[in-house]
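Undergrad: fold the following.
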Amino acid sequence: MSPLVIGYALLALIVIVALWPWLLERFRTPMNELARGNAPGELVELSQGNTHYQWHGPRAERIIVLVHGLSTPSWVFSGLINGLLGMRYRVLTYDLYGRGYSDRVRGKQSLEFHTQQLSELLDAVGITVPVTLLGYSMGGAIASKLAADEPDRIERLILIAPAGLSYNPSRLLAFARKNRLLGGWLWGVLGRRQLMNGARSDAKSAVAIPDLVKRMRAELRRRGYLGAILSSERHTLSQSLQPVHSEISAMYIPTLAIWGRDDAVIPIQSVGQLAAWNRKARQEVVEGAGHGLTYTHPEEVLAVIRDFLREVPD
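TA: From the prediction side, this is the model:
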């Protein structure tokens, strides 16, 4: 084989390797009407794209809005919804852009980007009364930001392992956050494996979502999902929310924070951080729980929420 042929072969190999994440992405399912065929809720067109949302329970005076985190869409709250309905709330869940059945949109997924989606959704579905806002993980950062920006819309704030304080991303995500080109390439190639491994590990104790692995596999088949996670990692989860929580404290918004004692993602030292930023916030720790406490320890989480709501009545 001539040196020229070998050179072309090596060049072709380099091109294929460089484009491998893009090629993998092209084989994933685009978020179109066919892909949304099994969506359980409804779609509303907002300024940045279509958002999938779902009402749970009959009409009620009290509304609680649930905001999910970085990688798991609104089904992450499956273990909490019935319990919240039993507290006489009407529950609203929705999917952040790039997750679940919401559009995969371009642009930086910053905290302001996510907060805008939530604010527009509340307007679009006709919510005119103050709501209880519950945010989990990255959703805790989004909920906190909206509470600080639009306090008149918020009656109470419930944060479950919220981002914006101490945070320990995986090595892969940490590298991808800091190294734009190589990090993005590695995330495109290895991100699926990492998320599936995490889902398999969590599934061992995911009492409220027994089909967790199947659900995550479906997410990973959809085009734009991995990119949305990386964008949020870079532009939302790198941000400290000290000013936001200090403002919430100054505005006397009743706040509850629930933590997992064994959480390796949002470590337990975050309790001290939040206490320094918002001394008025009530904080509770669920023993034996990791970061997935919404689906591994739903009864314990609901018990804490129930006590908080009794102490802070309408």
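
Undergrad: which parts of this protein are helices?
TA: Assigned helices in the chain, in chain order: 3-26, 78-86, 111-124, 138-149, 171-178, 180-203, 212-220, 225-235, 242-250, 270-277, 293-296, 298-311 (criterion: DSSP state H).

Undergrad: how far does the shortest one sit from its chain's centre?
TA: Relative to its parent chain, helix 293-296 has a centroid offset of 14 Å by Cα atoms, centre = their mean, to the nearest Å.

Undergrad: which stretch in the helices of the chain is the model least sure about?
TA: For the helices of the chain, the bottom mean pLDDT is recorded on helix 3-26, which sits at a mean of 60.

Undergrad: look up how far residue 92 lies from residue 120.
TA: 13 Å (Cβ to Cβ, to the nearest Å). C-beta: built from backbone N, CA, C; applies to glycine.

Undergrad: got it, and residue 61?
TA: Distance, residue 61 to residue 92, using Cβ to Cβ: 14 Å.

Undergrad: now swap in residue 228 and tell me
TA: For residue 228, the distance to residue 92 - Cβ to Cβ - is 21 Å.

Undergrad: and stretch 153-162, average pLDDT?
TA: Averaging pLDDT along stretch 153-162 yields 98.

Undergrad: gap between it and the chain center?
TA: 14 Å.

Undergrad: and that stretch, what's buried?
TA: Within stretch 153-162, the residues scored as buried using 16 or more other Cβ atoms under 10 Å are 153-162.

Undergrad: tell me the two of those that are most distant?
TA: Largest separation among those by Cβ to Cβ: 153 and 161, giving 23.0 Å.

Undergrad: contacting residues around the residue nearest to the spatial centre of the chain?
TA: The centroid of the chain falls nearest to residue 69 when counting by Cα atoms, centre = their mean (1.2 Å). Contact partners of residue 69, counting by Cβ atoms under 8 Å, 6 or more residues apart in numbering, are 76, 136-140, 163.

Undergrad: out of these, which are buried?
TA: Buried among the contacts of residue 69 (16+ other Cβ under 10 Å): 76, 136-140, 163.

Undergrad: residue 278: which of the residues you listed is nearest?
TA: Using Cβ to Cβ, the buried ones among the contacts of residue 69 come closest to residue 278 at residue 140, 12.6 Å.

Undergrad: skip the chain neighbours and tell me the closest residue to that closest one.
TA: Closest residue to residue 140 apart from its sequence neighbours, by Cβ to Cβ, 6 or more residues apart in numbering: residue 162 at 2.4 Å.

Undergrad: what sits against that neighbour?
TA: Shown in contact with residue 162 (Cβ under 8 Å, 6+ apart): 135-137, 139-141, 143-144, 257, 266, 270, 274.

Undergrad: turn those residues into JSON lines, including distance to residue 171.
TA: As requested, the contacts of residue 162 are exported to JSON lines (distance: Cβ to Cβ, whole Å):
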{"residue": "135", "distance to residue 171": "26"}
{"residue": "136", "distance to residue 171": "23"}
{"residue": "137", "distance to residue 171": "19"}
{"residue": "139", "distance to residue 171": "24"}
{"residue": "140", "distance to residue 171": "23"}
{"residue": "141", "distance to residue 171": "22"}
{"residue": "143", "distance to residue 171": "28"}
{"residue": "144", "distance to residue 171": "27"}
{"residue": "257", "distance to residue 171": "27"}
{"residue": "266", "distance to residue 171": "17"}
{"residue": "270", "distance to residue 171": "20"}
{"residue": "274", "distance to residue 171": "26"}
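
Undergrad: now, which of those sits nearest residue 84?
TA: Within the contacts of residue 162, the smallest distance to residue 84 is 12.9 Å, found for residue 136 (Cβ to Cβ).

Undergrad: that closest one is in contact with residue 294, isn't it?
TA: Yes - using Cβ atoms under 8 Å, residue 136 is in contact with residue 294, at 5.6 Å.

Undergrad: hey, what's in contact with both of these two?
TA: Counting by Cβ under 8 Å, 6+ apart, the shared contacts of residue 136 and residue 294 are 76-77, 160.

Undergrad: ok, what's across the strand from residue 53?
TA: residue 42, residue 94 (DSSP bridges).

Undergrad: how many neighbours does it have?
TA: Residues contacting residue 53 under the criterion other Cβ atoms under 10 Å number 20.

Undergrad: more neighbours: residue 120 and residue 92, which one.
TA: Using other Cβ under 10 Å, the more surrounded residue of residue 120 and residue 92 is residue 92, with 22 against 16.

Undergrad: tell me who's in contact with that one.
TA: Listed by Cβ under 8 Å, 6+ apart, the contact set of residue 92 reads 53-56, 63-66, 125, 127, 131.

Undergrad: ok, 6 Å please
TA: Counting by Cβ atoms under 6 Å, 6 or more residues apart in numbering, residue 92 makes contact with 55, 65.
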